[in-house]
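In: Sequence first, predicted coordinates after that:
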Amino acid sequence: MLSLLTPFDVQLEFSQFSKKTRKKKGYSTKSFSAKTGVPDSTIRKFEKTGEISFRQFLMIYAEIGKLTELQKLTQLSETPKNLDEVLKNA
């Protein structure tokens, strides 16, 4: 499937969402670091550049309450692809 998005675009969207959510919850980068276990300098770099390790990304998203939503992206869709599959499972 053709997409005009690049991985970098999505990195920046995730980092900006994280920053907005952190600020909405009233956390400084230092207090957010204490809650997530991710170094303050890494959080600041992530929010500016989108660069972060996957494990640290997950630690941040666990704290902002979005880890379950990310995990759901890994689930395979069981949606029938045609009428035969619908009838077979009926």
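Out: Arrived safely, thanks for sending.
In: and the next element down the chain from the longest helix seen in the chain?
Out: When the chain is parsed with DSSP state H, its longest helix is helix 7-24. Toward the C-terminus, helix 7-24 is succeeded by helix 29-36 as the next helix or strand (DSSP states H and E).
In: helices and strands around the longest helix of the chain, which ones?
Out: Judged by 3 or more C-beta pairs under 8 Å, 6 or more residues apart in numbering; DSSP states H and E, helix 7-24 is in contact with helix 40-49, helix 54-63. (Each C-beta comes from the backbone N, C-alpha and C, glycine too.)
In: repeat that with 7 Å
Out: helix 40-49 (3 or more C-beta pairs under 7 Å, 6 or more residues apart in numbering; DSSP states H and E).
In: Now do the helix it packs on: everything it contacts.
Out: Residues outside helix 40-49 that contact it (C-beta atoms under 7 Å, 6 or more residues apart in numbering): S15, S18, K19, T29, K30, F32, S33, E51, I52, Q56.
In: Next, give me the two most distant ones among these.
Out: K30 and E51 (19.5 Å; C-beta to C-beta).
In: lowest-confidence helix or strand of this structure?
Out: Every helix and strand in the chain was compared by mean pLDDT, DSSP states H and E; the lowest is helix 83-88, with a mean of 79.
In: From the chain's centroid, how far away is it?
Out: Chain-centre distance of helix 83-88: 35 Å, with C-alpha atoms, centre = their mean, to the nearest Å.
In: Next: stretch 62-69.
Out: With C-alpha atoms, centre = their mean, you get 8 Å for stretch 62-69.
In: cool, stretch 7-15 as well?
Out: The answer for stretch 7-15 is 9 Å, by C-alpha atoms, centre = their mean.
In: tell me the mean pLDDT over that stretch?
Out: When pLDDT is averaged along stretch 7-15, the result is 95.
In: Sort out which residues of it are buried, please.
Out: Buried residues in stretch 7-15, counted by 16 or more other C-beta atoms under 10 Å: Q11, F14, S15.
In: what's the answer for stretch 51-59, then?
Out: Buried residues in stretch 51-59 (16+ other C-beta under 10 Å): I52, Q56, F57, L58, M59.
In: mind listing what the fourth one touches?
Out: Looking back up the chat, that one is L58. Here L58 is in contact with L67 (C-beta under 7 Å, 6+ apart).
In: Alright, that wraps it up for me.
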